[in-house]
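Turn this into a structure:
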Amino acid sequence: MSDHDFEVIARERLERSALIAQSLAADPELAGTIAAAARLIVKALANGHKLLLFGNGGSAADAQHLAAELMGRYRVERRALPAIALTVNTSSVTAIANDYAFERVFARQVEALGAEGDVALAISTSGESPNVLAGVDAAKRRGLATLGLTGKTGGRLRRLVDLAILAPTDDTPRVQEAHILIGHILCELAERELAHPKPNLWEGAGKGRPLFRTN
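Numbering: from 1, shown residues only. Predicted coordinates:
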């Protein structure tokens, strides 16, 4: 390719990504869906439960990214929040894949770590990843609330989770770009609420001490 071809492709991809972001902003229902998902996460974390995140490939990286934002810090100084990406323990992932099947790598971990009151956030650009669907099924059996980040059609994931957030495209790179934008919004909303806790949200905070440090 010529230098001009490189520039043309780069510009086209930037424009396409911007169009997807504009579509997200223009969707009359999306902000409400994101807010509802954030409220589920806040309720769980405020009451001593946790968030489990999982996906494959780029979606695995997104799961780890968002878990890091919550366990570490997104924008506000506060207590660490219990968010676990189920893709980071290579020994567990490979052992489960070897001893059972790759389809079980998330379900088996959800069975071990998930509890009623927790939230599972499943990420799949197609909504059809068998191991992601199995993970959601395991989460539902254990009484977790289930959220899905997926693409335009949502696939089977859309029908399986309690609440699905759809990117308005089936172009995988653009779906992943939309997912990290939505994920950052979820992190910001959760952090804003939990950095300044309301006492009536807590169950068993204990001895009148706040669970989160506020500034």
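
From here on, just use CA atoms for contacts and neighbour counts.
Will do.

Compute the distance between residue 30 and residue 47, please.
In this structure, residue 30 and residue 47 are 26 Å apart, going by C-alpha to C-alpha, to the nearest Å.

and what of residue 158?
27 Å.

neighbour count winner among the two?
residue 158 (24 against 15; other C-alpha atoms under 10 Å).

That one - that's part of a helix, no?
Yes. Judged by DSSP: H, G, I helix; E, B strand; the rest coil, residue 158 forms part of a helix.

Helices of this protein, start to end?
3-26, 30-46, 58-71, 90-99, 105-113, 130-141, 155-160, 172-194 (DSSP state H).

what residues does the third one touch?
By C-alpha atoms under 8 Å, 6 or more residues apart in numbering, the surrounding residues in contact with helix 58-71 are 53-55, 80-85, 87-88, 123-125, 176, 179-180, 183-184, 187, 191.

quick check: angle from that helix to helix 172-194?
Calculated by axes from the mean of the first three to the mean of the last three C-alpha atoms, to 10 degrees, helix 58-71 forms an angle of 20 degrees with helix 172-194.

Show me which residues of helix 58-71 are buried.
For helix 58-71, the neighbour count (16 or more other C-alpha atoms under 10 Å) marks 58-70 as buried.

right, and out of the residues you listed, which lies closest to residue 97?
Ranked by distance to residue 97 (C-alpha to C-alpha), those are led by residue 60 at 15.7 Å.

now that closest one: how far from residue 123?
8 Å.

next one: residue 132
Distance from residue 132 to residue 123, by C-alpha to C-alpha: 7 Å.

between these two, what contacts are shared?
Contacts common to residue 132 and residue 123, judged by C-alpha under 8 Å, 6+ apart, are 54, 55, 56.

ok so, going back, in CSV, list the helices of the chain along with distance to residue 147.
Listed next are the helices of the chain as CSV, based on distance: least, C-alpha to C-alpha, whole Å:
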stretch, distance to residue 147
helix 3-26, 18
helix 30-46, 7
helix 58-71, 12
helix 90-99, 22
helix 105-113, 14
helix 130-141, 9
helix 155-160, 9
helix 172-194, 12
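
Comparing those, which comes out most buried?
Among those, ranked by average contacts under mean count of other C-alpha atoms under 10 Å, first place goes to helix 130-141 (a mean of 22).

So what sits opposite the residue nearest the centre of the chain in the bridge?
The centre of the chain sits closest to residue 121, judged by C-alpha atoms, centre = their mean, with a distance of 4.4 Å. Residue 121 has the following beta-bridge partners by DSSP bridges: residue 53, residue 147.

Next up, the contacts around it.
51, 52, 53, 54, 146, 147, 148, 149.

quick one: low-confidence parts of the protein?
3, 197-215 (pLDDT under 70).

give the contact list for residue 168.
Taking C-alpha under 8 Å, 6+ apart as the test, what residue 168 contacts is 20, 23, 24, 151, 152, 175.

how about the residues you listed, which pair is most distant?
23 and 151 (13.1 Å).

contacting residues for the residue nearest to residue 140 when sequence neighbours are not counted?
Spatial nearest neighbour of residue 140, chain neighbours left out: residue 146 (7.0 Å); criterion: C-alpha to C-alpha, 6 or more residues apart in numbering. Applying C-alpha under 8 Å, 6+ apart, we find residue 146 in contact with 119, 120, 121, 122, 136, 139, 140, 161, 162, 163.
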